[in-house]
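Visitor: any chance you could fold what I've pasted below:
(2 chains)
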2 protein chains.
Amino acid sequence: MPETIISSKTKTVVISPDKPFVIIGERINPTGRKLLAREMAAGDYSRVERDALKQVAAGAHMLDVNAGIPLADEPGILAHSIKLVQSLTDVPISIDSSIVEALKQGLEVYEGKALLNSVTGEEERLEVVLPLVKKYGCAVVGISNDETGISEDPDVRFEVAKKIVHRAMDYGIPREDVVIDPLVMPIGAMQYAGRQVFRLVYRLTHELGVNTTCGASNISFGLPNRGPLNGGFLSMAMASGLSSAITNPLEEHIMSGIAVGDVMTGNDANCSAWIKANRKPDPEGEEGGARRRRSRRKG
Amino acid sequence: MPETIISSKTKTVVISPDKPFVIIGERINPTGRKLLAREMAAGDYSRVERDALKQVAAGAHMLDVNAGIPLADEPGILAHSIKLVQSLTDVPISIDSSIVEALKQGLEVYEGKALLNSVTGEEERLEVVLPLVKKYGCAVVGISNDETGISEDPDVRFEVAKKIVHRAMDYGIPREDVVIDPLVMPIGAMQYAGRQVFRLVYRLTHELGVNTTCGASNISFGLPNRGPLNGGFLSMAMASGLSSAITNPLEEHIMSGIAVGDVMTGNDANCSAWIKANRKPDPEGEEGGARRRRSRRKG
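Guide: Okay, the predicted model is just below:
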């Protein structure tokens, strides 16, 4: 099974279908968060700090950092945010931008082996992003769309993924350093969006031999009571081999779906994480589950 | 995809990986229910009546009926229970016994096409149960163990299932009238019990071309907070093709896991069941979600 190693200065995370699922906290992203965008543009990073600490306390193994603010100095803000987050937490970072200069400046300040988010199958993107990946020795998220857009045919999306992986290997980037995002469509609009992703993730994992990641919440777009749909979708995708997701660790259903998925794939060895999180509080106090959970939150 | 048709006098249920998941209510079973066992043995069927109505109101599409009480007249009690349940509800029944005479008397009184639960891969069982299945034109649950017990090797369990299906076909029973139970082991004791079932269900569905069923709750035996594990396990098995389960429709996590599974497999067309069950209450009253749910419970 593929193993993708990502690191900060002091901490290593292994993404693999045979390891506990890797949760990449999605919150540090001004897209759709007007207040955060305004603050970041004005040099106020207090919310970035809080979001970093809260997500790690809630169980994020990595943090995605995005600074996509229209008309702002995205490369500068991204680099500043990355330095800040690395000074506050020891989890590795996914450097997230659609602007090449921002990716470059992010990589320049990052200490460790980052996950670069992202490259697509578009020629123009491959040609500028892959040399960066090679130069900085990082890993990269490959998104399975290309010049023709996002195909509704999962076999076409598989071929795009294959092209990204092979092109990366041409640049001397090892296969295991490409993590493919199969692209999740809203199931309210596309009846078989779920089946497609499960099948695609299975093929990417077992046939192409790469790790996978996704933005899970798109699956439930437009539907009511989205929490259980997002959590259940993640468990189901984990049964096909999904090994990480860029998602919200503050959502209870997401975290519960991932915890169940880890038990059912055998990646929560001896079910010990499940037992620890779910055992009844000990009335004596010291070993109490609730108390333990509270004290971990502080960290 | 395989379609197994089960019916009562007036109602038909289709088990298929391309249809909404079939919930077979497990509650009418005196095994481990001392009070129910004592009452049934003494001719008091009031709890059987309540369990039948409650499970159907909660969403069961079929009911399993078992009368396994030591030292009691199991064939007589099973036949009586089946007649009673058929007089109260219109859902088809799974006739459940390990005693051949009880299966026979159950089939004798049943009106419709039953699901006979069960036959194993043991020669002795195949030789007595399959002729009954053929004679009464019912469908049958095939359990993937044989004289050597339950193999821990899923490939052996697949071969046992194949033997049951082929032997049934020798008796003139169509392949689609055999529903295989892959056997679910406790994941607390067997780390890869989940992966095994997912893989086995996938092969049974796509390679052997049969429907599948299981008793899901065994997966969480011995673990704390079993509800989310059982519900999540069902969603994940549905991603592999699991098309029915003998389970408890009164458990919220089970029903939620199945509802999510139906959405994600594309078997809840237009997500209409999900939307109906989860839309926000209309303050005007008539169309209120909460009110609707309450009133459905009464039925």
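Visitor: give me the secondary structure label for the closest residue to residue A:59 other than its chain neighbours.
Guide: Using Cβ to Cβ, 6 or more residues apart in numbering or on different chains and skipping residues adjacent in sequence, the residue nearest residue A:59 is residue A:249, 5.1 Å away. Where C-beta positions appear, they are placed from N, C-alpha and C, glycine not excepted. Assigned by DSSP: H, G, I helix; E, B strand; the rest coil, the conformation of residue A:249 is coil.
Visitor: ditto for residue A:5
Guide: Assignment for residue A:5 (three-state DSSP): strand.
Visitor: unless I'm mixing things up, it is touching residue A:19, no?
Guide: No - judged on Cβ atoms under 8 Å, residue A:5 makes no contact with residue A:19 at a distance of 10.7 Å.
Visitor: who has more neighbours out of these two?
Guide: Per other Cβ atoms under 10 Å in any protein chain shown, whichever of residue A:5 and residue A:19 has more neighbours is residue A:19, with 19 against 14.
Visitor: roughly how far does that one sit from residue A:1?
Guide: Distance from residue A:19 to residue A:1, counting by Cβ to Cβ, to the nearest Å: 9 Å.
Visitor: shared neighbours, the two?
Guide: Counting by Cβ atoms under 8 Å, 6 or more residues apart in numbering or on different chains, residue A:19 and residue A:1 have no common neighbour.
Visitor: could you find the closest non-adjacent residue to the residue of the stretch 51-200 of chain A found nearest chain B?
Guide: Proximity to chain B, evaluated over the stretch 51-200 of chain A using Cβ to the nearest Cβ, is greatest for residue A:194 at 3.6 Å. Spatially, and ignoring its direct neighbours in sequence, residue A:194 is nearest to residue B:264 (3.6 Å; Cβ to Cβ, 6+ apart).
Visitor: go on, residue A:118?
Guide: Counting by Cβ to Cβ, 6+ apart, residue A:118 lies nearest to residue A:141, which is 3.9 Å off, once chain neighbours are set aside.
Visitor: same check, this time on residue A:267
Guide: Closest to residue A:267 by Cβ to Cβ, 6+ apart is residue A:20, at 5.1 Å.
Visitor: what is the stretch of helix or strand residue A:83 belongs to packed up against?
Guide: Residue A:83 belongs to helix A:74-88 when assigned by DSSP states H and E. Using 3 or more Cβ pairs under 8 Å, 6 or more residues apart in numbering or on different chains; DSSP states H and E, the elements in contact with helix A:74-88 are helix A:34-41, helix A:46-58, strand A:62-66, strand A:93-96, helix A:100-109.
Visitor: return the most buried member of the ones you listed.
Guide: strand A:93-96 (a mean of 28; mean count of other Cβ atoms under 10 Å in any protein chain shown).
Visitor: which residues are in contact with that strand?
Guide: Applying Cβ under 8 Å, 6+ apart, the contact partners of strand A:93-96 are A:8, A:24, A:29, A:62-66, A:68, A:78, A:82, A:85-86, A:103, A:106-107, A:110, A:112, A:114-118, A:138, A:141, A:246.
Visitor: what lines up beside that strand in the sheet?
Guide: If you go by DSSP bridges, strand A:93-96 pairs up with strand A:62-66 (parallel), strand A:115-120 (parallel).
Visitor: quick one: distance of it to the chain centre.
Guide: Distance of strand A:93-96 from its chain centroid, counting by Cα atoms, centre = their mean, to the nearest Å, is 9 Å.
Visitor: residues contacting the closest residue in space to residue A:262 that isn't next to it in sequence?
Guide: Among residues not flanking residue A:262 along the chain, residue A:268 sits closest, at 4.0 Å (Cβ to Cβ, 6+ apart). With contact set as Cβ under 8 Å, 6+ apart, residue A:268 has these partners: A:20, A:259, A:262, A:274.
Visitor: kindly report the same for residue A:58.
Guide: Taking Cβ under 8 Å, 6+ apart as the criterion, residue A:58 is in contact with A:25, A:249-250, A:255, A:297.
Visitor: in a markdown table, list those along with pLDDT and neighbour count.
Guide: Formatted as a markdown table, those follow (pLDDT from 0 to 100; neighbours: other Cβ atoms under 10 Å in any protein chain shown):
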| residue | pLDDT | neighbour count |
| --- | --- | --- |
| A:25 | 98 | 28 |
| A:249 | 97 | 23 |
| A:250 | 97 | 17 |
| A:255 | 98 | 20 |
| A:297 | 39 | 10 |
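Visitor: out of these, who's nearest residue B:242?
Guide: residue A:255 (24.5 Å; Cβ to Cβ).
Visitor: so which bits of the strand or helix carrying the closest one are buried?
Guide: Counting by DSSP H and E, the element that carries residue A:255 is helix A:252-264. For helix A:252-264, the buried set under the neighbour-count rule, 16 or more other Cβ atoms under 10 Å in any protein chain shown, comprises A:253-264.
Visitor: tell me which helix or strand comes right after that helix.
Guide: Next element after helix A:252-264 (DSSP H and E): helix A:272-278.
Visitor: that next one close to chain B?
Guide: Yes - Helix A:272-278 lies within reach of chain B by Cβ under 8 Å from any Cβ of the partner chain, at A:274-275, A:278.
Visitor: out of those, who has the most neighbours?
Guide: Top of these by neighbour count (other Cβ under 10 Å): residue A:274, with 22 neighbours.
Visitor: now that one. Nearest residue, chain neighbours left out?
Guide: The shortest distance from residue A:274 to any residue other than its chain neighbours is 5.1 Å, reached at residue A:263 (Cβ to Cβ, 6+ apart).
Visitor: isn't the one you found up against residue B:192?
Guide: No - counting by Cβ under 8 Å, residue A:263 stays clear of residue B:192, with 11.4 Å between them.
Visitor: and stretch A:173-193, what's buried?
Guide: Buried residues in stretch A:173-193 (16+ other Cβ under 10 Å): A:173, A:176-185, A:187-188, A:191-193.
Visitor: on that earlier part again, tally of neighbours for the residue nearest to residue A:267?
Guide: Counted with other Cβ under 10 Å, residues neighbouring residue A:20 total 19.
Visitor: residues from the stretch 51-200 of chain A in reach of chain B?
Guide: Counting by Cβ under 8 Å from any Cβ, the residues of the stretch 51-200 of chain A near chain B are A:187-188, A:191-195, A:198.
Visitor: pLDDT and secondary structure added to those residues, as TSV?
Guide: Below are these laid out as TSV (pLDDT from 0 to 100; DSSP: H, G, I helix; E, B strand; the rest coil):
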residue	pLDDT	secondary structure
A:187	97	coil
A:188	96	coil
A:191	96	coil
A:192	96	coil
A:193	96	helix
A:194	97	helix
A:195	96	helix
A:198	97	helix
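Visitor: widest-spaced pair of these?
Guide: A:188 and A:198 (17.4 Å).
Visitor: look up how far residue A:262 lies from the nearest residue to residue A:260 once chain neighbours are set aside.
Guide: Spatially, and ignoring its direct neighbours in sequence, residue A:260 is nearest to residue B:232 (3.4 Å; Cβ to Cβ, 6+ apart). According to Cβ to Cβ, residue B:232 and residue A:262 sit 10 Å apart.
Visitor: secondary structure element for residue A:230, which one?
Guide: Using DSSP H and E, residue A:230 sits in helix A:226-240.
Visitor: tell me what that helix is packed against?
Guide: helix A:193-206, strand A:244-247, helix A:252-264, helix B:226-240, helix B:252-264.
Visitor: which helix in chain A runs the most residues?
Guide: Secondary structure of chain A per DSSP state H: the longest helix is helix A:154-170.
Visitor: buried set for it?
Guide: A:154, A:157-158, A:160-165, A:167-168.
Visitor: cheers, nothing more for now.
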